[in-house]
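Engineer: Quick one, what's the 3D model for this:
(2 chains)
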Amino acid sequence: MSIYRTHILVPVDEGTVQAGVFEVKRKLEQAILQKGLEKEVKVVESGTVGIQDKGVILVVYPERIYYTNVRPGDVTLIVDEHLLKGHIPPGIKHRTLDIQAGMKSLHNTGLTRQQKRVVLDKSWKIAPDNIREVLAAGGYSALEKIFGEKITPEAIIDTVKKSGLRGRGGAGFPTGIKWEATRNAVGDQKYIICNADEGEPGTFKDRLILEGDPHKLIEAMVIAGYAIGATKGFVYIRGEYGLSIERMQKAMDQAREFSLLGANILETGFSFDLEIKKGAGAYICGDETALIESLEGKRGNPRVKPPYPVTNGLWQKPTAVNNVETLANIPQIITQGSEWFHTMGTEMCPGTKVFTILGHIESPGLIEVEMGTPLREIIFSYGGGISGGKKFKAALLGGASGVFLSEKLLDVHMDLESLKENKAVLGSGAVLVMNEEASIPDMLFSILKFYAHESCGQCAPCRVGTHQLLQLAWNVREGKGQVEDIDTMMSLAELMWRSSLCPLGQSVITPVKSAIENFRDEFVLAVSHNQVS
Amino acid sequence: MQAILQKYEKSTDNLLGLLHDLQDANEQHYLTPGSMDAVAKYLGVPIGYVYGVATFYTMFSLKPRGRYIVRVCQSPPCHLLGSTDVSRELIEVLGVGFGETTADGQFTLEMSSCLGVCGVAPAMMINDEVYGNLTVSRILEIIEDLRRVK
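Structural biologist: Below is the predicted model of the structure:
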């Protein structure tokens, strides 16, 4: 293995891809070759930085200098001045290389310092497809600790229970209790499934965890398997997430090579293997029982609960289904302990949460902050406020099954309890921001269109209800509706909540009710000229 | 086709993987009646079962599709930032509606639920490539570029 004096990390996510990261990288590699620096400087693709700055980003180690908004034309200067002569190029205009924000060392940059990185701690500091880098950065140390210190499965479950970790997929169920129930369930074979069927509109945190640090997930799943007594696990990844699947597959191959996965892990006698299952485009498969059906090779129709997967899961065997972000917390809970986990977040909701901020926002992207961070801070500090100098009108929290919040609730704390008190939900952690010009009836229409498309059709309330709601929302939006239509939408959504089989049909009421209750004036206005006065 | 089938064990949980691979191997990006029949026989399940699964998931197509599959994200975040205009422009530039393929067999236009790239909304995917921050002029440019590829 050769040693390089300088590493340049090139974070790749959809933001930097759109900004031309691959062209910059190509130019960079060319310039390095031209100057004969190829034996001294290594260019490495890394995972996302999250919201940091705009455009292509280059991070130069060991100096920890990072350049933002890099254009292909800047590359020669960076190579000549920085890599060859060892000083930061002078006289570069603000727009090309942001001297104010971009030239500081990483640790002085406001946004990284404020963010609390647990799940995404390594994501942009390592090459995710190189297990040696992962190991050097502390990857798999939780697994080593467990086997080195001979920690029992019961003790692991106890630690996870004490940590208070709750599911990050939306429901917020305590992870330790789920594991304990699976461990205690009767069955000759048990399974652990990672739910990476991320389909909630506005959510892409799991993809960036998978792309940025797939080994963390493998480590967590081996630990989970050991804790619940499973020898086999599945990672069910959305079919649309090509890069996630590729990175995960490669990471699994490497882990097997290093005896961190497969038969007789680290010569402990414990065997556990993983398999990737690729989804094929169905939102409903994010529901754990629908996901299990799909994994078995069937239509993704949700099952009737109970029984729950912890007793009757995959092929009717006890199964723990955990979200990507939930699992990504596990290694550090093991290495740093449950008390450490409680130093972050709230009492009932310890730890961090990854949020995706999008819509009419200055800097869309993802951040990881402590649970309970006020919504105002997320939108205005981390997201940079409303784009184009416009005013805030509403935020949709938690994706399509989420809640429309008005300005009145901007100071709400983003944890499960605080949100529940305010009739809101955390959901997947998506924060869709709307400015004063956005139309709430139009947005509700868009959400209902999504529901009508994604209803699996198994039960009548949801199959028929989603389409009727869509028709009513269309009438209202087009100014063809009556005031009664607004109330019909409410009662229909409530009927679906009472009678639908699974969380999809049951959750329609959340956006419908919050949109109509918090923005009723807008709905009334939309139908007002149809009223007989 | 046999080579693809042999890659998998004869177990029903491999059905989705098989359908993916067979569709990817097809030049027109779709599941032919012949390929579904072969999968059914291989796994020992009724053809109706395979058909039921294939039609459940949006990524599978039972109709021939173009060389480029243009999938426009229709989810609320993209909707908020103008996916309606994106759709209108694509319909005009390509001259086909959603679910249709251009006469020259080059482009199929499809609607998609959230693509998970909301940071660059409004967005679309063409085959495996993501195109974000779409504007009317950018769409024209992208499609023109692809039309020039021989």
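Engineer: who are the neighbours in contact with A:Lys390?
Structural biologist: A:360, A:435-437 (C-beta atoms under 8 Å, 6 or more residues apart in numbering or on different chains). C-beta: built from backbone N, CA, C; applies to glycine.
Engineer: Can you flag the buried ones in those?
Structural biologist: A:360, A:435 (16 or more other C-beta atoms under 10 Å in any protein chain shown).
Engineer: Isn't A:Tyr236 up against A:Asp197?
Structural biologist: Yes - under the criterion of C-beta atoms under 8 Å, A:Tyr236 makes contact with A:Asp197 at 5.4 Å.
Engineer: which one of those two has more residues nearby?
Structural biologist: A:Asp197 (33 against 23; other C-beta atoms under 10 Å in any protein chain shown).
Engineer: what's near enough to touch the residue in the stretch 101-250 of chain A that chain B sits nearest to?
Structural biologist: As assessed by C-beta to the nearest C-beta, chain B sits closest to A:Pro201 within the stretch 101-250 of chain A, at 3.7 Å. Counting by C-beta under 8 Å, 6+ apart, A:Pro201 makes contact with A:399-400, A:430, A:447, A:450, B:75-77, B:113-114, B:118.
Engineer: can you do 10 Å?
Structural biologist: Neighbouring residues of A:Pro201 by C-beta atoms under 10 Å, 6 or more residues apart in numbering or on different chains: A:283, A:358, A:396, A:398-402, A:428, A:430, A:432, A:446-447, A:450, A:454, B:73-79, B:113-116, B:118.
Engineer: So is the lowest-mean-pLDDT helix or strand in chain B next to chain A?
Structural biologist: Across the helices and strands of chain B, mean pLDDT, DSSP states H and E gives its lowest value to strand B:129-131, namely a mean of 90. Yes - interface with chain A: strand B:129-131 contributes B:129-131 (C-beta under 10 Å from any C-beta of the partner chain).
Engineer: And those, which of them are buried?
Structural biologist: Counted by 16+ other C-beta under 10 Å, those give B:130-131 as buried.
Engineer: Please tabulate the residues of strand B:129-131 next to chain A in CSV and include distance to A:Val49 as additional columns.
Structural biologist: As requested, those are arranged in CSV below (distance: C-beta to C-beta, whole Å):
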residue, distance to A:Val49
B:Glu129, 22
B:Val130, 18
B:Tyr131, 21
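Engineer: still on that earlier bit, just the ones in strands from the contacts of A:Lys390, please.
Structural biologist: Here DSSP state E is the test, and the contacts of A:Lys390 give A:Asn435 as lying in strands.
Engineer: Determine which two of the contacts of A:Lys390 are furthest apart.
Structural biologist: Taking C-beta to C-beta as the measure, the contacts of A:Lys390 span a maximum distance of 9.0 Å, between A:His360 and A:Glu436.
Engineer: what is in contact with the two at once?
Structural biologist: A:386, A:390-394.
Engineer: mind checking how far A:Glu484 is from A:Val476?
Structural biologist: 11 Å (C-beta to C-beta, to the nearest Å).
Engineer: the more surrounded of the two?
Structural biologist: A:Val476 (26 against 10).
Engineer: can the helix or strand hosting that one be found next to chain B?
Structural biologist: Taking DSSP states H and E as the criterion, A:Val476 maps to helix A:460-477. No - using C-beta under 10 Å from any C-beta, we find that helix A:460-477 stays clear of chain B, coming within 11.7 Å at best.
Engineer: Check the offset of that helix from the chain's centre.
Structural biologist: 29 Å (C-alpha atoms, centre = their mean, to the nearest Å).
Engineer: Same question for stretch A:320-327.
Structural biologist: 11 Å.
Engineer: Span of it from start to end?
Structural biologist: 11 Å (C-alpha to C-alpha, to the nearest Å).
Engineer: Could you pull up the mean pLDDT of it?
Structural biologist: Confidence for stretch A:320-327, expressed as mean pLDDT, is 98.
Engineer: Around the closest residue in space to A:Phe445 that isn't next to it in sequence, how many other residues sit close by?
Structural biologist: Once flanking residues are discounted, A:Phe445 sits nearest to A:Ala473: 4.4 Å by C-beta to C-beta, 6 or more residues apart in numbering or on different chains. Applying other C-beta under 10 Å, we find 27 residues neighbouring A:Ala473.
Engineer: now A:Ala473: how far from chain B?
Structural biologist: For A:Ala473, the distance to chain B (C-beta to the nearest C-beta, to the nearest Å) stands at 12 Å.
Engineer: Which segments of chain A make up each domain?
Structural biologist: Listed by automatic domain parsing, the domain ranges of chain A are A:6-106, A:150-342, A:352-435, A:440-532.
Engineer: okay, now B:Cys78: neighbour count?
Structural biologist: So B:Cys78, with other C-beta under 10 Å, has 31 neighbours.
Engineer: Next, give phi and psi for it.
Structural biologist: phi -70, psi -40 (degrees, to the nearest 10).
Engineer: Can you read off the pLDDT for it?
Structural biologist: pLDDT, read off for B:Cys78, is 96.
Engineer: In this structure the residue nearest to A:Phe445 contacts A:Ser439, no?
Structural biologist: No - with contact defined as C-beta atoms under 10 Å, A:Ala473 does not reach A:Ser439; the gap is 11.5 Å.
Engineer: which residue ranges form the strands in the stretch 51-200 of chain A?
Structural biologist: Ranges of strands within the stretch 51-200 of chain A are A:58-61, A:65-67, A:191-196, based on DSSP state E, counting those that start in this stretch.
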